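Asks: Starting from these lines, generate the structure:
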Amino acid sequence: MSELVGVLIGILARTIEIYTVILLVRVLLSWFPNLDWGNPVLSTVSAVTDPYLNAFRGLIPPLGGLDLSAILAFLALQLIQNLLQQSRGFFYPSFY
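Replies: Below is the predicted model of the structure:
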């Protein structure tokens, strides 16, 4: 049973890694104001990441046109991922 929990935690940690990459792509694309966000790929990226980013936009207002809330969003994801990896070692001890 504990091995299953360890595997599930590993899957969740990997999902957060993938989401972090998608979030990074979203932040980098925001630097290009002339992009057509009606494009299905871009609108999907926006739909997946904007609700998460909006949670942090209320905490840190933009400073001089720079949206620094993404930094806090990345830090939160990193913290969650680190906690998951530590707990995975608790449930599924092995050497990786």
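Asks: Run through the residues that contact the spatially most central residue of the chain.
Replies: Nearest to the centroid of the C-alpha atoms of the chain, with distances taken as CA atoms, centre = their mean, sits residue 20, at 3.6 Å. For residue 20, the set of contacting residues under the criterion of CB atoms under 8 Å, 6 or more residues apart in numbering consists of 74, 77-78, 81. In this view, the C-beta of every residue, glycine as well, is placed from N, C-alpha and C.
Asks: Show me which positions of the longest helix seen in the chain end up buried.
Replies: Within the chain, and with DSSP state H defining each element, the longest helix by residue count is helix 2-29. For helix 2-29, a neighbour-count test (16 or more other CB atoms under 10 Å) marks 6, 9-10, 13, 16, 23, 26-27 as buried.
Asks: Looks like residue 25 contacts residue 45 (just checking).
Replies: Yes. Using CB atoms under 8 Å, residue 25 and residue 45 qualify as a contacting pair, with a distance of 6.2 Å.
Asks: what's the helix or strand bottoming out on mean pLDDT in the chain packed up against?
Replies: The weakest-scoring helix or strand in the chain, judged by mean pLDDT, DSSP states H and E, is helix 69-91 (a mean of 86). Other elements packing on helix 69-91 under the criterion 3 or more CB pairs under 8 Å, 6 or more residues apart in numbering; DSSP states H and E are helix 2-29, helix 40-57.
Asks: still on that earlier bit, among the contacts of residue 20, which ones are buried?
Replies: Among the contacts of residue 20, those classed as buried by 16+ other CB under 10 Å are 77, 81.
Asks: between the contacts of residue 20, which is closest to residue 67?
Replies: residue 74 (12.3 Å; CB to CB).
Asks: Next up, the contacts around that closest one.
Replies: Contacts of residue 74 by CB under 8 Å, 6+ apart are 20, 23-24.
Asks: one step back: ok and the longest helix of the chain relative to helix 69-91, angle-wise?
Replies: Using axes from the mean of the first three to the mean of the last three CA atoms, to 10 degrees, the direction of helix 2-29 lies 170 degrees away from that of helix 69-91.
Asks: Any idea how far helix 2-29 is from the middle of the chain?
Replies: Distance of helix 2-29 from the chain centroid (CA atoms, centre = their mean, to the nearest Å) equals 7 Å.
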